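*Asks:* Mind folding the following:
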Amino acid sequence: MILSRKLSAIFFIASIVMAFLLMMLLLVGNAGMGKVEGKALKMRHSSLLSIVECDGYTVVDVDNPWGEGLLQRYILVPEESGLPELLPEGTLMRTPVRRALLFSGVHTALFEELGVAEYIKAVCDAEYVYSKITAAAIAEGRVVDCGSSLDVNLERVAEASPDAIFVLPFENGGYGKLDRLRIPLVECADYMESSPLGCAEWVRFYGRLVGKGAEADSLFDAVCSEYEALSFVARRDASRPKLMCELKSSSAWYIPAGGSTMGRMYHDAGADYLFSSYEGTGSVPLSFEVVLDKAADADIWLMKYNSPLNKTCASLLAEYSGYSHFRPLKEGSVYACNTRMKRIFEESAFHPEILLKELVALFHPDIFPEYKPKYYERMR
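*Replies:* Numbers count the residues shown, from 1 in each chain. So this is what the prediction gives:
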């Protein structure tokens, strides 16, 4: 009995000590991830990024798109500099990143535009890299194919020896085997921004990672000016065609939420987007019946698909006869983009003004009567 009491007392004291130590660790961690003193760059549209230039280093905070707090903090230190004392807590990255493993063709295209294609040393999902420059480098073995982003080949990662891995974060998702590597993971949450210009502003972060900060700022300024001018022109047109989009996939029809980058772009292009009331920044799965109820009488139908052959109205109906109930298919107002052949994702992520001009021309043909579509073609 006495022994039992002594053990209970020891356990109680140990619990208090452990709780105290845990609290101190949390306090230290929170202090390390606290406010940073320096020159904060004004973010014009991004709701997830903050960039602070300090003495000898730059701090980039990425907010968690799915909850409170930070998704990640990066400490960028130029490779030619010594490490400053008392760096804040975060993922240390020496810049420029000269050996990158990229998970997305979107970022492959951006590296090329920033003039650092040679920094791409490896990719995942190589079959979705449509850039001729990087595709040729993969075929010649100058860029390592690390397999699927869902099951990365670690031997090939080791062969590429990247300085950083540019991954695509998901809610409650981890990175499996990559978490065990001592390689910084750049969490590319740009696609979770709530506006096209918010997504495009991530070029300022990526530019600083590859030593092209000034060029990236100038690029973004030009993108903003063109996008805002196009949106202003579209808003002056009183007509707003009723818009539906995308295709049924298995049992669900995934449509961009009203707060997503595409939902916002449809609005900026002067359309009456029929699904704008759905909240969120991603896609919303709807039943065919719900889509039919809201969009049977739409004026225009936009869709994207990935196929070795272009779809036709006949092939669309062969896939699913229910499409016949939609007015745009009956009247020939379906516009489709085959992403296997058109680089709409790679080009529009950081150049939304290019896609916006095409949408304005589709929705308001009188504004740009001579415009030749780059991505969407009328389905025959």
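
*Asks:* would you list every one of the helices in this protein?
*Replies:* Applying DSSP state H to the chain gives helices spanning 2-32, 105-113, 132-139, 154-160, 196-200, 203-209, 213-236, 261-268, 288-295, 313-319, 327-331, 344-348, 352-363.

*Asks:* In TSV: those, plus mean pLDDT.
*Replies:* TSV is the format used below for the helices of the chain (pLDDT from 0 to 100):
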stretch	mean pLDDT
helix 2-32	40
helix 105-113	95
helix 132-139	95
helix 154-160	97
helix 196-200	97
helix 203-209	98
helix 213-236	97
helix 261-268	96
helix 288-295	98
helix 313-319	97
helix 327-331	97
helix 344-348	94
helix 352-363	98
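
*Asks:* Figure out which of those is closest to Leu247.
*Replies:* helix 313-319 (8.1 Å; CB to CB). The C-beta positions use only the backbone N, C-alpha and C, and glycine is treated the same way.

*Asks:* Regarding the protein, what is its longest strand?
*Replies:* Under DSSP state E, the strand in the chain containing the largest number of residues is strand 70-78.

*Asks:* can you pull the buried residues of that one?
*Replies:* 71-77 (16 or more other CB atoms under 10 Å).

*Asks:* can you list the residues you listed in a markdown table and add pLDDT and distance to Arg99?
*Replies:* Shown next, in a markdown table, are these (pLDDT from 0 to 100; distance: CB to CB, whole Å):
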| residue | pLDDT | distance to Arg99 |
| --- | --- | --- |
| Leu71 | 96 | 23 |
| Gln72 | 97 | 20 |
| Arg73 | 98 | 22 |
| Tyr74 | 98 | 17 |
| Ile75 | 98 | 19 |
| Leu76 | 98 | 16 |
| Val77 | 98 | 17 |
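
*Asks:* that older thread, contact partners of the longest strand of the chain?
*Replies:* With contact meaning CB atoms under 8 Å, 6 or more residues apart in numbering, strand 70-78 is reached by 33, 48, 56-65, 83-84, 87-95, 169, 184-187, 189, 208-209.

*Asks:* Pull the contacting residues for Tyr320.
*Replies:* Contacts of Tyr320 were listed using CB under 8 Å, 6+ apart, and they are Lys248.

*Asks:* still on that earlier bit, when you compare where the longest strand of the chain runs with where helix 213-236 runs, what's the angle?
*Replies:* Counting by axes from the mean of the first three to the mean of the last three CA atoms, to 10 degrees, strand 70-78 lies at 140 degrees to helix 213-236.

*Asks:* Can you tell me the strand partners of strand 70-78 and which way each runs?
*Replies:* strand 57-63 (antiparallel), strand 91-95 (parallel) (DSSP bridges).

*Asks:* Tell me which of those sits nearest to Glu377.
*Replies:* Nearest of those (CB to CB): strand 57-63, 36.8 Å.

*Asks:* Residues in contact with the closest one: which ones?
*Replies:* Defining contact as CB under 8 Å, 6+ apart, one finds that strand 57-63 is touched by 36, 38, 47-52, 69-77, 81, 84, 87-88, 90, 187, 189, 205, 208.

*Asks:* who's the nearest residue to Gly38 once chain neighbours are set aside bridged to?
*Replies:* Using CB to CB, 6 or more residues apart in numbering and skipping residues adjacent in sequence, the residue nearest Gly38 is Cys54, 3.7 Å away. Counting by DSSP bridges, Cys54 is bridged to Tyr57.

*Asks:* Can you give me every residue that contacts Cys54?
*Replies:* Cys54 sits next to 36-39, 84 when contact means CB under 8 Å, 6+ apart.

*Asks:* give me that answer again for 10 Å
*Replies:* 36-39, 75-77, 84, 87-88 (CB atoms under 10 Å, 6 or more residues apart in numbering).

*Asks:* Let's have the residues you listed in a markdown table, adding distance to Cys199.
*Replies:* Shown next, in a markdown table, are these (distance: CB to CB, whole Å):
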| residue | distance to Cys199 |
| --- | --- |
| Val36 | 24 |
| Glu37 | 29 |
| Gly38 | 25 |
| Lys39 | 24 |
| Ile75 | 24 |
| Leu76 | 21 |
| Val77 | 26 |
| Pro84 | 31 |
| Leu87 | 29 |
| Pro88 | 26 |
